[in-house]
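K.L.:
Could you work out the structure for the sequence below:
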Amino acid sequence: MGNMNEPLAAVATETDHLDWLEAESIYIIRELVAETSNPALLFSGGKDSAVLLHLACKVFRLGERPLHLPFPLVHVDTSHNYEEVIAFRDETVQRLGVRLVVGHVEDSIKRGTVKLRSATDSRNAAQAVTLLETIEAHGYDALMGGARRDEEKARAKERIFSFRDRFGQWDPKVQRPELWSLYNAKVGQGEHMRVFPISNWTELDIWQYIARENIALPSIYYAHEREVVRKRGLLVPVTPLTPPAEGDSIETVTVRFRTVGDISCTCPVASTAATPETIIAETAVAEITERGATRLDDQANEAAMERRKKEGYF
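P.N.:
Below you'll find the predicted structure:
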């Protein structure tokens, strides 16, 4: 009888774990709304922001009434996004009937606050400038994001309620204690908070929750064929923004994306996983973090993410 009960015990443990994470995240979202006056939710259409939005909908969907989120969704659009992700973003906004505010890096370039060497330069780091301009334009005092501590070393230093000064900068040495899950969201003029309700989730948790809750995602998170070039151990997609260099060998490979960002810095991984369940199996044995395996922008040095966060990045 003991052996017969082992699988049931394992399922119960997994369910309890996801329930605990869900409850913690919902508590954080409620605290955010209670303690701030003009919050927003960062929504790119990626898997983490899709989970975060799903959690927010659980908080504010009352019975059969139409969903009413007491905050807008905010996306910083580089114009260098994968088209499948933008299509998913727009379909989600329309389906839920929520408000979307889009800050365009292209507008920052026109204003002269962002300067690039060429039209094909990566706009990933430039998002920090546009984000801060969007925050100032709308007067947001708190922004929820889908960052997780397991993604990268700098994010492991992040508090759940992360204080940003009036220049939008993050200083890991000037953060507030969060003993007993008590959060201080008070900010002065021009200051704001970045709040991360899924900080304690892992990539595996995210996929288990997506499977359990049947959360829709952009198609590029699942296995598909794509032309790529192998560079620095990564599969760089062949696109107008990332064309092959002379001598590069173009291959058609079955891939999926573990994380999605700007085309210029986000690469897929070789995979035939086409369902959340098969992705869970792959993720359980993965030895490299999703950003380490797929992001060109984090490979310059170990301090790359921390430097960008101090400048106002997500």
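K.L.:
For residue 243, give me its contacts.
P.N.:
Under the criterion of Cβ atoms under 8 Å, 6 or more residues apart in numbering, residue 243 has no neighbours. Any C-beta I mention is one placed from the backbone N, CA and C, and that applies to glycine too.
K.L.:
For the longest strand along the chain, list the C-alpha coordinates in CSV.
P.N.:
In the chain, with assignment by DSSP state E, the single longest strand is strand 224-231. The C-alpha trace of strand 224-231 is given here as CSV (Å, rounded to 0.1, in the frame of the first residue of the first chain):
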residue,chain,number,x,y,z
HIS,A,224,8.9,25.1,-34.0
GLU,A,225,11.4,25.2,-36.9
ARG,A,226,13.6,28.3,-37.2
GLU,A,227,16.6,29.3,-39.2
VAL,A,228,19.6,29.9,-36.9
VAL,A,229,23.3,30.5,-36.9
ARG,A,230,25.5,29.0,-34.2
LYS,A,231,27.5,31.8,-32.4
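K.L.:
For it, give me every contacting residue.
P.N.:
With contacts defined as Cβ under 8 Å, 6+ apart, strand 224-231 is touched by 235-238, 244-245, 248-256, 267-268.
K.L.:
hmm, try it at 7 Å
P.N.:
Residues outside strand 224-231 that contact it (Cβ atoms under 7 Å, 6 or more residues apart in numbering) are 235-238, 244, 248-255, 268.
K.L.:
From those, pick the one nearest residue 16.
P.N.:
Using Cβ to Cβ, residue 268 is the member of these that lies nearest residue 16, at 33.1 Å.
K.L.:
Distance check, that closest one against residue 177.
P.N.:
Distance of residue 268 to residue 177, given as Cβ to Cβ, to the nearest Å: 40 Å.
K.L.:
Looking at the two, which one has more neighbours?
P.N.:
residue 268 (25 against 9; other Cβ atoms under 10 Å).
K.L.:
Give me the pLDDT value at residue 213.
P.N.:
Looking at residue 213, its pLDDT is 97.
K.L.:
nearest residue to it other than its sequence neighbours?
P.N.:
Nearest residue to residue 213 in three dimensions, chain neighbours excluded: residue 54, at 6.1 Å (Cβ to Cβ, 6 or more residues apart in numbering).
K.L.:
Now do the same for residue 193: helix, strand or coil?
P.N.:
Three-state call for residue 193 (DSSP: H, G, I helix; E, B strand; the rest coil): strand.
K.L.:
Nearest residue to it in space, please, no chain neighbours.
P.N.:
Nearest non-adjacent residue to residue 193 (Cβ to Cβ, 6+ apart): residue 142, at 4.4 Å.
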